[in-house]
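In: any chance you can model this:
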Amino acid sequence: MNRPPPAVLSTPGFPHYGLAWSPFHSNRVALASSANYGLVGNGRLHLVSVGPGPGGVPGLSIDKFYETQDGLYDVAWSEIHENQLVSASGDGSLKLWDVMINDLPIRAWHEHTREVFSVDWSNINKDQFVSSSWDGTVKLWTPDRPRSMTTIHAHQSCVYQAAFSPHQPDLIATCSTDGTVKIFDLRAPAYTPSGPTNNNFTAPLTAAALTVPASGTEVLSLDWNKYRPFVLASAGVDKAIKVWDCRMVKLGPEAAQNPAVGGACETQLMGHELAVRKIQWSPHRADMIASAGYDMTCRVYVLNIPSSVVRV
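Out: Sure thing, here's the model as predicted:
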């Protein structure tokens, strides 16, 4: 069987850090890009369409792009407005864009003091998104407010990613250079916004509901399983992908000192020769996960999960 060649889109001078499919349009993709691999220079937010090319072969085309003063590291589509998306920038800012407007963002926020490395829009509380930064904080936002709703001092060092649980709207998972994965519960009284503005902006909150000692080195990426609540995967510099069940309590001296420490490693997946930069569970299967590494390979793993555990 002859398969058509893959569609290729080139953006010279602007390597990509993040990609997001529109939740409303199956043929619309956003790319967060940075000049000079994000080390120095400006950025671009590309809007890309997927459609039939010559001979009916799928093709990629750039509909438009937005220039930014600093590199972009991530992008997320709004879950409530089909034409809006938010970008995360190296200068510590977040910008909300509307694809129907050509030049400027419709809103901008600048509270982070270092690079914003990830942004995630909640698919349950659809008016909220979360950002994580190298300044060690995670911030909760809504497009209608001029300031963040809540600031969480999640880690003492860089927070590479923060992601909402797809099952529990008030749970956020984070990963960091400190080798841990943490889960924060926004239902805790400390995280409840007390007014129209963020009164905790100058006094970040720190209490994690659970801390998973995921690695002896940096954890660069995480993702929640879409079908198994409280199960997530982490990956990073140790070249391993680890699947955690956060309902399992860790026993031993570490747990005795800190009862919020937990998580049992179900599976460890090896194969990458260098650090794993990104992982993502399949939205269609509970036992499939994909990864991308600094060894310039992408890999797909199928886990051996008992059928009694998988509820699809």
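In: residues contacting stretch 93-107, please?
Out: Residues outside stretch 93-107 that contact it (Cβ atoms under 8 Å, 6 or more residues apart in numbering): 45, 47, 63-64, 66, 68, 70, 81, 83-89, 108-110, 112, 116, 119, 131, 141, 143. Using the backbone N, CA and C atoms, a C-beta is placed for each residue, glycine as well.
In: ok, now how distant is residue 104 from residue 158?
Out: Distance check for residue 104 against residue 158: by Cβ to Cβ, to the nearest Å, it reads 30 Å.
In: who has more neighbours, those two?
Out: Comparing residue 104 with residue 158 by neighbour count (other Cβ atoms under 10 Å), the higher total belongs to residue 158, at 19 against 10.
In: low-confidence regions, the stretch 201-312 of the chain specifically.
Out: 201-205, 249-263, 305-312 (pLDDT under 70).
In: helices along the chain, start to end?
Out: Along the chain, the segments classed as helices by DSSP state H run 253-257.
In: and it, what are its domains?
Out: Per automatic domain parsing, the structural domains of the chain span 1-110, 122-150+160-312.
In: mean neighbour count, these: which tops it?
Out: By mean neighbour count, with neighbours taken as mean count of other Cβ atoms under 10 Å, domain 122-150+160-312 ranks first of these at a mean of 18.
In: excluding chain neighbours, what is closest to residue 266?
Out: Closest residue in space to residue 266, ignoring its immediate chain neighbours: residue 243 at 4.6 Å, by Cβ to Cβ, 6 or more residues apart in numbering.
In: quick check: the gap between the one you found and residue 214.
Out: Applying Cβ to Cβ, the value for residue 243 to residue 214 is 11 Å.
In: same check on residue 7?
Out: In this view, residue 7 and residue 214 are 35 Å apart by Cβ to Cβ.
In: and for residue 226?
Out: Going from residue 226 to residue 214 by Cβ to Cβ gives 20 Å.
In: what of residue 128?
Out: Per Cβ to Cβ, residue 128 is found 25 Å from residue 214.
In: with residue 125 instead?
Out: Distance from residue 125 to residue 214, by Cβ to Cβ: 26 Å.
In: do residue 303 as well
Out: Counting by Cβ to Cβ, the gap from residue 303 to residue 214 is 17 Å.
In: try residue 49
Out: Distance of residue 49 to residue 214, given as Cβ to Cβ: 38 Å.
In: same deal with residue 208?
Out: According to Cβ to Cβ, residue 208 and residue 214 sit 13 Å apart.
In: do the same with residue 63
Out: 39 Å.
In: now residue 8
Out: Counting by Cβ to Cβ, the gap from residue 8 to residue 214 is 35 Å.
In: how about residue 234?
Out: Look at residue 234 and residue 214: by Cβ to Cβ, they are 5 Å apart.
In: what sits in contact with each of those two?
Out: Between them, residue 234 and residue 214 share these contacting residues under Cβ under 8 Å, 6+ apart: 175, 181, 242, 244.
In: run through the strands of the stretch 1-150 of the chain in chain order.
Out: For the stretch 1-150 of the chain, strands defined by DSSP state E, counting those that start in this stretch occupy the ranges 16-21, 28-34, 43-52, 58-68, 72-77, 84-89, 94-98, 107-109, 116-121, 129-133, 137-141, 150-153.
In: okay if I get these as a markdown table plus distance to residue 230 and mean pLDDT?
Out: Formatted as a markdown table, the strands of the stretch 1-150 of the chain follow (distance: least, Cβ to Cβ, whole Å; pLDDT from 0 to 100):
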| stretch | distance to residue 230 | mean pLDDT |
| --- | --- | --- |
| strand 16-21 | 25 | 93 |
| strand 28-34 | 29 | 95 |
| strand 43-52 | 34 | 92 |
| strand 58-68 | 37 | 91 |
| strand 72-77 | 23 | 97 |
| strand 84-89 | 26 | 98 |
| strand 94-98 | 28 | 98 |
| strand 107-109 | 31 | 97 |
| strand 116-121 | 18 | 97 |
| strand 129-133 | 18 | 98 |
| strand 137-141 | 19 | 97 |
| strand 150-153 | 19 | 94 |
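In: right, so of those strands, which gets closest to residue 222?
Out: strand 116-121 (9.8 Å; Cβ to Cβ).
In: the closest one packs against which elements?
Out: strand 72-77, strand 84-89, strand 129-133, strand 159-164 (3 or more Cβ pairs under 8 Å, 6 or more residues apart in numbering; DSSP states H and E).
In: 10 Å instead, please
Out: strand 16-21, strand 72-77, strand 84-89, strand 129-133, strand 137-141, strand 159-164, strand 171-176, strand 219-224 (3 or more Cβ pairs under 10 Å, 6 or more residues apart in numbering; DSSP states H and E).
In: got JSON lines for these, with distance to residue 281 too?
Out: Formatted as JSON lines, the helices and strands packed on strand 116-121 follow (distance: least, Cβ to Cβ, whole Å):
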{"stretch": "strand 16-21", "distance to residue 281": "15"}
{"stretch": "strand 72-77", "distance to residue 281": "17"}
{"stretch": "strand 84-89", "distance to residue 281": "21"}
{"stretch": "strand 129-133", "distance to residue 281": "18"}
{"stretch": "strand 137-141", "distance to residue 281": "21"}
{"stretch": "strand 159-164", "distance to residue 281": "11"}
{"stretch": "strand 171-176", "distance to residue 281": "12"}
{"stretch": "strand 219-224", "distance to residue 281": "5"}
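In: many thanks, have a good one.
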